[in-house]
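>>> Task: produce atomic coordinates for the following.
(one chain, ligands or ions: 1)
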Amino acid sequence: MGTPTEGPSADGLAENAIEVRGLKKVYGGNGRGGGLLALEHFDIAIPRGAFFGLLGPNGAGKSTLINILAGLTMKTAGEVTVWGHDLDRAGRMARASIGVVPQELNIDPFFTPREALEVQAGFYGVPKRERRTDAILRALHLADKADAYARSLSGGMRRRLLIAKAMVHRPPILVLDEPTAGVDVELRQQLWDLIRTLNAEGTTVLLTTHYLEEAEQLCDQIAIIHQGRLVACDRTEALLRRMDQREIVILVAEDLSDVPEALKHFRVTLQPPRRLRFGFRTSETGIGEILESVRKAGLTVTDLSTKESDLEDLFLQLTRNPDGVEPKAETSR
Ligand code: ADP
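The predicted structure is shown next:
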């Protein structure tokens with residue numbers, strides 16, 4: 001389906017598809033305070049060709065960010081460049097460089113997929129001779145439904161149609177907002193394959209998700225947003241390497257009322273009477289060392305289990321909010 005990278009570019013040289021510096025968004029308020037702070041001190045660079053995941057819990061600011069990138073929401077402050085085009089100075093070009101696949105399945109039920117794509121192409125001012133309606137429908141496995149009413153399409157077909165609509169103007173960047181939210185396992189795999197193919201063909205993909213597995217499986221880079229701030233941004237493997245946290249649970253034969261003195265230098269809790277839970281970093285402590293110390297403390301190990309950390313652990317680690325304070329009024333910061 002062509003090479004999406006041949007989309008508009010200011011200089012053809014900028015290596016980042018998206019650059020954001022000092023971005024801030026306040027919803028409402030009177031300009032001197034109040035309002036809801038949705039993003040603050042937000043910097044990010046998304047390389048061309050990346051498969052980039054924006055991960056964060058509900059309310060973190062993910063949609064706010066992509067809506068700003070897509071020109072759907074006004075930023076309060078900061079600089080944003082999309083495919084080399086400054087959002088303030090060349091907003092039209094910046095917007096033309098992004099195709100957004102929204103979360104909601106809002107499709108006009110009376111249009112066929114072919115009509116829906118033609119209308120969308122018209123909306124973006126794509127001249128008739130440059131339209132690629134059939135090629136897009138084929139690429140998204142919708143060719144045999146090209147002339148069916150959209151209301152007769154299955155959920156999976158509707159999602160694919162939304163992706164197709166986002167691509168009519170050949171944007172080099174595709175933004176997907178929670179593409180598989182509420183989607184069954186089979187369809188999720190299909191969508192993953194499809195998005196992977198688009199990325200392999202050159203489209204820079206930015207997706208938001210709160211499915212950790214999705215980010216881990218698909219994305220080569222992951223940014224974690226929490227309460228309007230970037231809390232981590234790295235290559236997926238590097239992010240996973242950073243978490244060498246492990247847990248080992250040891251069952252002993254003896255009844256305990258307290259953690260034995262000899263084990264107190266470990267990060268250990270007792271679940272009385274016989275379960276000891278050790279948290280440790282694999283880079284600092286070996287399981288052998290823990291087991292040896294347990295034996296030396298005069299205890300007999302009857303069972304043990306370990307848990308590998310995954311992205312979910314990292315996510316919890318990074319976004320744990322010690323004081324439980326929610327980000328709200330701008331004036332409170
Ligand atoms: P996410 O996409 O990560 O779930 P959002 O960007 O939707 O997060 O929301 C970030 C914060 O901004 C939330 O506190 C949300 O309630 C608030 N917010 C989002 N959109 C609006 C809006 N249009 N008006 C006021 N507040 C909003």
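>>> got a list of what L299 touches?
By CB atoms under 8 Å, 6 or more residues apart in numbering, the contact set of L299 is 252-254, 256, 260. Yep, even glycine has a C-beta here, placed from its N, CA and C like the rest.
>>> Out of those residues, who's the most crowded?
Highest neighbour count within the contacts of L299, by other CB atoms under 10 Å: V252, with 22 neighbours.
>>> Most widely separated two among the contacts of L299?
Distances among the contacts of L299 were taken as CB to CB; the most separated pair is A253 and P260, at 13.5 Å.
>>> just the helices in this structure please.
Taking DSSP state H as the test, the helices found in the chain are 62-69, 91-96, 113-123, 133-139, 155-166, 185-200, 212-218, 236-241, 287-296, 311-319.
>>> For this protein, list the residues in contact with the ligand, please.
Residues of the chain found near the ligand (CB under 6 Å from any ligand atom) are 27-28, 36, 38, 56, 58-64.
>>> in the chain, which residue is closest to the centre?
The chain has L54 as the residue nearest its centroid, 2.7 Å off, counting by CA atoms, centre = their mean.
>>> Show me what the closest residue to that one other than its chain neighbours is bridged to.
Computed as CB to CB, 6 or more residues apart in numbering, the closest residue to L54 that is not its neighbour in sequence is T208, at 4.5 Å. Taking DSSP bridges as the rule, T208 bridges to L54, D177.
>>> gap between T208 and N58?
Per CB to CB, to the nearest Å, T208 is found 11 Å from N58.
>>> coming back round to it: need the contact list for the residue nearest to the centre of the chain.
Taking CB under 8 Å, 6+ apart, we find L54 in contact with 62, 65-66, 206-209, 223, 225.
>>> ok, now with 7 Å
Counting by CB atoms under 7 Å, 6 or more residues apart in numbering, L54 touches 62, 65, 206-208, 223, 225.
>>> So which of these wins on neighbours?
Of all those, the most densely surrounded is L65 (30 neighbours; neighbours counted as other CB under 10 Å).
>>> you'd agree it is up against L39?
Yes: counting by CB atoms under 7 Å, L39 is a contact partner of L65 at 6.3 Å.
>>> Low-confidence stretches in the stretch 201-333 of the chain?
The model of the stretch 201-333 of the chain has pLDDT under 70 over residues 242-244, 308-317, 319-333.
>>> For it, which segments are assigned as strands?
For the stretch 201-333 of the chain, strands defined by DSSP state E, counting those that start in this stretch occupy the ranges 204-209, 221-226, 229-235, 245-252, 267-271, 275-281, 301-307.
>>> ranking those by burial, who's on top?
Neighbour counts (mean count of other CB atoms under 10 Å) averaged over each of these peak at strand 204-209, with a mean of 25.
>>> between it and helix 62-69, how many degrees?
Orientation note: strand 204-209 sits at an angle of 150 degrees relative to helix 62-69 (axes from the mean of the first three to the mean of the last three CA atoms, to 10 degrees).
>>> who touches strand 204-209?
For strand 204-209, the surrounding residues in contact (CB under 7 Å, 6+ apart) are 17, 46, 48-55, 62-63, 66, 172-179, 195, 198-199, 215.
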